[in-house]
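# Next come a sequence and a model predicted from it.
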Amino acid sequence: MKKFFYSAVALLLSVTYAGGQLKNSNGNATLAKIKTANEKVTTMSCSFTRTIKQSMLDQSAKADGNFNYTKDNKLSMVYTNGEMVVINNNEVAIGKKGKVRHLKAKSKHAEPLVNTLLGCVSGNLDKLDGTLESVKEANGVSTVIITVDNFKVGQSKFSKVELNYGADLTIQSIKMTEADGSYTLYELQSKTLNKSIDDKVYNTEK
């Protein structure tokens, strides 16, 4: 399991990000609806599950935890195994209890993570780096697939990001897939919206 943990931390620290606007997205009605709906979301809290599946392995590795988001720049993903990713305005904490790394949100290592997570959760996909491949609405779920060119984890390179938004148009899952079929999937469950969240959720020891 240590291998999966360090792979996950590498993911959060090694993403490359070119910035810019999402290509091929101008005038897309579904993306506009997602953005508008999420402008009304001030907070989000729920449980979540992360699944890491490597193409050469039969089994996947799962971890779960608690997710919190406060508009505009606060987001916390704390796992039951001690891992954490916490964005608190201008600071980001990443790692595991006892081995937490603190970074500035605008640093070259943290900014890609901050922009990607906050962009997906806030529904503001316009500024994500990549090309919009498809948008589908079916059974109350809006699925957005983005092809990415500069999304790397060490020697691995993700080629697609798939986002699912539920009937209320808030984020439901984020799936990042490599060319060989390996993927990392985040799934949010039992979301509570627009309820007060104690600021201590976003505070981490230094």
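Noted; the coordinates are in hand.
# Using PDB, write out the CA atom coordinates for the particular helix or strand that has residue 113 in it.
In this assignment (DSSP states H and E), residue 113 forms part of helix 111-122. Provided in PDB are the C-alpha atoms of helix 111-122 (Å, rounded to 0.1, in the frame of the first residue of the first chain):
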ATOM      1  CA  GLU A 111      -0.700  25.800  -8.600                       C
ATOM      2  CA  PRO A 112      -1.600  22.900 -11.000                       C
ATOM      3  CA  LEU A 113      -3.300  21.000  -8.200                       C
ATOM      4  CA  VAL A 114      -5.100  24.100  -6.900                       C
ATOM      5  CA  ASN A 115      -6.400  25.100 -10.300                       C
ATOM      6  CA  THR A 116      -7.500  21.600 -11.300                       C
ATOM      7  CA  LEU A 117      -9.300  20.700  -8.000                       C
ATOM      8  CA  LEU A 118     -11.000  24.100  -7.500                       C
ATOM      9  CA  GLY A 119     -11.900  24.300 -11.200                       C
ATOM     10  CA  CYS A 120     -13.600  21.000 -11.200                       C
ATOM     11  CA  VAL A 121     -15.400  21.400  -7.900                       C
ATOM     12  CA  SER A 122     -16.500  25.000  -8.600                       C
END
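# Against which helices or strands is that helix packed?
Applying 3 or more Cβ pairs under 8 Å, 6 or more residues apart in numbering; DSSP states H and E, one finds that helix 111-122 contacts strand 74-79, strand 83-88, strand 91-96, strand 171-178. Yep, even glycine has a C-beta here, placed from its N, CA and C like the rest.
# so where's this structure uncertain?
1-20, 112, 150-156, 206 (pLDDT under 70).
# which ones are touching the residue nearest the centre of it?
In the chain, the residue lying closest to the centroid (Cα atoms, centre = their mean) is residue 117, at 3.8 Å. Shown in contact with residue 117 (Cβ atoms under 8 Å, 6 or more residues apart in numbering): 75, 85, 87.
# now those residues as JSON lines including distance to residue 121 and neighbour count?
Output for the contacts of residue 117, formatted as JSON lines (distance: Cβ to Cβ, whole Å; neighbours: other Cβ atoms under 10 Å):
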{"residue": "75", "distance to residue 121": "7", "neighbour count": "24"}
{"residue": "85", "distance to residue 121": "12", "neighbour count": "21"}
{"residue": "87", "distance to residue 121": "10", "neighbour count": "23"}
